[in-house]
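Chemist: give me coordinates for this.
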Amino acid sequence: MTLFWPQISDTQLGAETLLGLGLCLTGTVVASTGNMISMRNQKQKLPLLPAMAWGMAYGASAMAVVFILQGKSFSFDYTFSYVISLLYLAVFGSVIAFASYLTLLNRIGAHKASYASIMFPAVAVIISTIVEGFAWTTYTMVGLLFILAGNLVVLTRSKKPITPIDKLDEDISNTELLNINKPKLETQRL
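Modeler: Next comes the predicted model:
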């Protein structure tokens, strides 16, 4: 919010804003569901690239249906800049990016891998600065610092799992495990 506060503060609450918010929430649920499906697929030892290709085919098919239902027609621009940008998005922005993210997802889990998406606005601001001449504000700098600090806090903390009491080995009593009510016996020489 801090990063984009100047744009957010100009927003009027109306039907279009609520539709946009609804689409954002729906997109979040769909993306989270996709993460869980990918983790399940990888646990079942399905090869990553073919599974990813099928997922992209399903997504492209769904978008084609929406496109047709809206009464739009397909077209292709054969200019060099269009073809290069399409290839860049297909290879780097889709295949390589998703393969990297889904591999990360499998290695560190969805809860930590999802923090990578928090970096997307930061990367967008940097690219916009280089390509479009975006002018940084105090909000931009503070927002980027919040993003970096949040990622550092979440991704560098190591938590040791706590074993619930009901899962403890029955051979070990709680007092032995916690060393409570068991004075340490020491021998002395006379």
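Chemist: how close does the residue nearest the centre of the chain sit to residue 45?
Modeler: Centroid-nearest residue in the chain: residue 114, 2.4 Å away (criterion: CA atoms, centre = their mean). To residue 45, residue 114 is 23 Å away according to CB to CB, to the nearest Å. In short, each C-beta sits where N, CA and C put it, glycine included.
Chemist: what does stretch 138-148 contact?
Modeler: 1, 2, 3, 4, 5, 6, 118, 119, 121, 122, 125 (CB atoms under 8 Å, 6 or more residues apart in numbering).
Chemist: show me which helix runs longest in the protein.
Modeler: Longest among the helix segments of the chain by residue count, using DSSP state H, is helix 15-43.
Chemist: quick check: buried residues in that helix?
Modeler: Neighbour-count burial for helix 15-43 flags 35, 38, 39, 41, 42 (criterion: 16 or more other CB atoms under 10 Å).
Chemist: now distance to residue 26 too, for these, in TSV please.
Modeler: Converted to TSV, the buried residues of helix 15-43 look like this (distance: CB to CB, whole Å):
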residue	distance to residue 26
35	15
38	19
39	21
41	22
42	25
